[in-house]
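>>> Need the 3D shape of this:
(chains A and B)
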2 protein chains.
Amino acid sequence: LLLSSYEERLTSGCSQVQLGFRYESRDQRFTVYIMQLSNCSALCLPADQKMYVRLAVLPSVQAMRCLFRTRSSLPQEVVEINEVFGMQISHGALRQKTLRVDVCDGSTSGLEECLAGAQISLADISCSEDRCTKWYNLLSRLYMPEISNKDRGSRATGD
Amino acid sequence: LLLSSYEERLTSGCSQVQLGFRYESRDQRFTVYIMQLSNCSALCLPADQKMYVRLAVLPSVQAMRCLFRTRSSLPQEVVEINEVFGMQISHGALRQKTLRVDVCDGSTSGLEECLAGAQISLADISCSEDRCTKWYNLLSRLYMPEISNKDRGSRATGD
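Presented below is the predicted three-dimensional model:
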């Protein structure tokens, strides 16, 4: 994994994923359309390193299929995915769930490394048959450890 | 930290946080209202264990204030917070950001442990002066390691 400098990563903005959602009440079926990724250069992947999208509906009941991975793609600026994940679940149960979407690095070692992700609360997922489509920013995993205990002095000084 | 069984946690549903957002274009000011937490029993905290909400606008530029922590509260079923975080940022830069909201356990050891969190993409944050208020599901950190390499067999079998 080649990392550009912190400044470069900031100016390049963030990668985004376009997702579509639909909930069909009649069949109690929740469908997620994983449509495309944009600004993939912000992921800072080597040109020959394949990546894929991993999707999970959490918390998960073990018996229920809640995890999905797309096929792997090479990192172009825009990556068309157009894969569909579906699961059967009541609307009440779905509204307690969170969708976790991660771009992962399919390394040759077989280890799964998450590069960046979005987390989407399904608390207000609508029951309409229409597909709702949206772009979500992907937050790099590299930024997460920046919140550490040494920053605790900033409690309640945000405003 | 007392943990109830996996089944208990699933039936108790998830905790939620109510947030309000406003972006004032004139002052280039982004404001987050941390309003309340509900269904806090799903956090499975001992009754005498205080908790607080940590909010971060990520990725962060070090010079910019992007981290905020509320005062601590004892875990009741509903916890009123009503604290406000504000930062100055252009609308274009804000739309590249992700808001990370975590409920943390203020342990006596001084270590910060995150119990559950939400992650909100600000890609479509509106420029309107009106405050937009929403409830978000909090995903327990305990569920996150469930996605492990042993689950990789489920690639592309979701539908």
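
>>> Need the nearest residue in space to the residue most central in space within chain A, chain neighbours excluded.
For chain A, the residue nearest the mean C-alpha position is residue A:101 (2.2 Å; C-alpha atoms, centre = their mean). Spatial nearest neighbour of residue A:101, chain neighbours left out: residue A:118 (4.8 Å); criterion: C-beta to C-beta, 6 or more residues apart in numbering or on different chains. For glycine as for every other residue, the C-beta is placed from the backbone atoms N, C-alpha and C.

>>> Could I get the buried residue list for stretch A:67-86?
Residues of stretch A:67-86 classed as buried: A:67, A:68, A:69, A:70, A:73, A:75, A:79, A:81, A:83, A:84, A:85, A:86 (neighbour count, 16 or more other C-beta atoms under 10 Å in any protein chain shown).

>>> ok, and which of those reach chain B?
A:67, A:68, A:69, A:70, A:83, A:84, A:85, A:86 (C-beta under 8 Å from any C-beta of the partner chain).

>>> Keep only those of those residues that are in strands.
Under the assignment DSSP state E, those contribute A:67, A:68, A:69, A:83, A:84, A:85, A:86 to strands.

>>> Switch those residues over to JSON lines; also include pLDDT.
As requested, those are exported to JSON lines (pLDDT from 0 to 100):
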{"residue": "A:67", "pLDDT": "89"}
{"residue": "A:68", "pLDDT": "92"}
{"residue": "A:69", "pLDDT": "93"}
{"residue": "A:83", "pLDDT": "98"}
{"residue": "A:84", "pLDDT": "97"}
{"residue": "A:85", "pLDDT": "95"}
{"residue": "A:86", "pLDDT": "94"}
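
>>> quick check, nearest of those to residue B:21?
Closest approach between those and residue B:21, by C-beta to C-beta: residue A:85, at 28.7 Å.

>>> That closest one contacts residue A:35, correct?
No. Residue A:85 is not in contact with residue A:35 according to C-beta atoms under 8 Å; the separation is 11.8 Å.

>>> intersection of neighbour lists for these two?
By C-beta atoms under 8 Å, 6 or more residues apart in numbering or on different chains, residue A:85 and residue A:35 have no common neighbours.

>>> and the helix or strand residue A:116 falls within, C-alpha only, in CSV?
For residue A:116, the host element (DSSP states H and E) is strand A:112-121. Coordinates of the C-alpha atoms in strand A:112-121 are reproduced here as CSV (Å, rounded to 0.1, in the frame of the first residue of the first chain):
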residue,chain,number,x,y,z
GLU,A,112,-8.9,-8.5,4.1
GLU,A,113,-7.8,-5.0,4.7
CYS,A,114,-10.4,-2.2,4.8
LEU,A,115,-9.3,1.0,3.2
ALA,A,116,-12.3,3.3,3.7
GLY,A,117,-15.9,2.9,4.7
ALA,A,118,-19.3,4.4,5.2
GLN,A,119,-21.8,3.5,7.9
ILE,A,120,-25.5,4.2,7.3
SER,A,121,-28.1,4.1,10.0
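
>>> in its sheet, what does it sit against?
Next to strand A:112-121 in the sheet, as set by DSSP bridges, lie strand A:98-106 (antiparallel), strand A:139-140 (antiparallel).

>>> Tabulate those (a markdown table), appending distance to residue B:21.
Listed next are those as a markdown table, based on distance: least, C-beta to C-beta, whole Å:
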| stretch | distance to residue B:21 |
| --- | --- |
| strand A:98-106 | 19 |
| strand A:139-140 | 17 |
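
>>> Tell me who's in contact with residue A:36.
The neighbours of residue A:36, taking C-beta under 8 Å, 6+ apart as the test, are A:17, A:18, A:78, A:79, A:80, A:81, A:82.

>>> Pretty sure the second one sits against residue A:133.
It refers to residue A:18. Yes. Using C-beta under 8 Å, residue A:18 is in contact with residue A:133, at 6.6 Å.

>>> which of the two has more neighbours?
In this view residue A:18 and residue A:133 are compared by other C-beta atoms under 10 Å in any protein chain shown, and residue A:18 has more residues nearby, 17 against 12.

>>> Report the beta-bridge partner residues of the more buried one.
With DSSP bridges as the criterion, residue A:18 is bridged to residue A:36, residue A:135.
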